[in-house]
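Asks: build me a structure from this.
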Amino acid sequence: MPIIWESKLDTGIDVIDSQHRRIVDYINDLEIAKTKGDKAMVTDVIEQLIDYTQSHFGFEESMMEEAGYKFIKPHKKVHELFIKRVTEFTMRAAKGEDIADELHSMLAKWLLNHIANEDRDYADSVKQMVGPEAAHHEVAHPKAEARAGFISGLLGRFFR
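Replies: Numbers count the residues shown, from 1 in each chain. Next up, the predicted model:
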């Protein structure tokens, strides 16, 4: 069953919400690939998902650092553990094990929990740093423009 995005998952930071939606799309693509029984497609989706998620984590962590988010170390640790767990799945898949169902289930549960809890916790700190205008890509004054430039710079660094 595909994941349907719900507004309760929004952090209020447009760029982060857009990235989260893209990760959900990858998870839904994984479900399609496993339903088709297409192992090559499953592998391709997993690789894209891992690559994009790592870029997203780096972007998110840079925003948290810039905002002075006090719980950044535990948040980074959660990201590291997630990457380690997904890497273990890919190693099992490389040995020929069919991990698609298990991986899909883990990703869906983990992502929704992570967004609803850990990511929601840092959102206020980041929104205070960039201001509500930049969080929603509306540039109303020079200070918001400078902060919007910060977000654009991060996007360019992590999402080429």
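
Asks: pLDDT weak spots in this structure?
Replies: The model of the chain has pLDDT under 70 over residues 130-160.

Asks: and for the closest residue to Ile32 other than its chain neighbours, the neighbour number?
Replies: Counting by Cβ to Cβ, 6 or more residues apart in numbering, Ile32 lies nearest to Met41, which is 7.9 Å off, once chain neighbours are set aside. To be clear about C-beta, it is placed using only N, CA and C from the backbone, and glycine gets the same treatment. Residue neighbour count, defined by other Cβ atoms under 10 Å, stands at 16 for Met41.

Asks: packing partners for whichever strand or helix holds Met41?
Replies: For Met41, the element it lies in under DSSP states H and E is helix 39-67. The helices and strands touching helix 39-67, judged by 3 or more Cβ pairs under 8 Å, 6 or more residues apart in numbering; DSSP states H and E, are helix 14-36, helix 72-94, helix 100-114, helix 120-135, helix 142-158.

Asks: the inter-axis angle of it versus helix 100-114?
Replies: When axes from the mean of the first three to the mean of the last three Cα atoms, to 10 degrees is applied, the directions of helix 39-67 and helix 100-114 differ by 20 degrees.

Asks: helix 39-67: which residues count as buried?
Replies: 41-42, 45-46, 49-50, 52-53, 55-57, 59-64, 66-67 (16 or more other Cβ atoms under 10 Å).

Asks: next, the angle from it to helix 14-36.
Replies: Going by the same axes, to 10 degrees, helix 39-67 makes 160 degrees with helix 14-36.

Asks: Phe59 and His20 touch, don't they?
Replies: No - using Cβ atoms under 8 Å, Phe59 makes no contact with His20, being 11.4 Å away.

Asks: ok, Pro2 - how many residues close by?
Replies: 12.

Asks: which residues touch it?
Replies: By Cβ atoms under 8 Å, 6 or more residues apart in numbering, the contact set of Pro2 is Asn28, Glu31.
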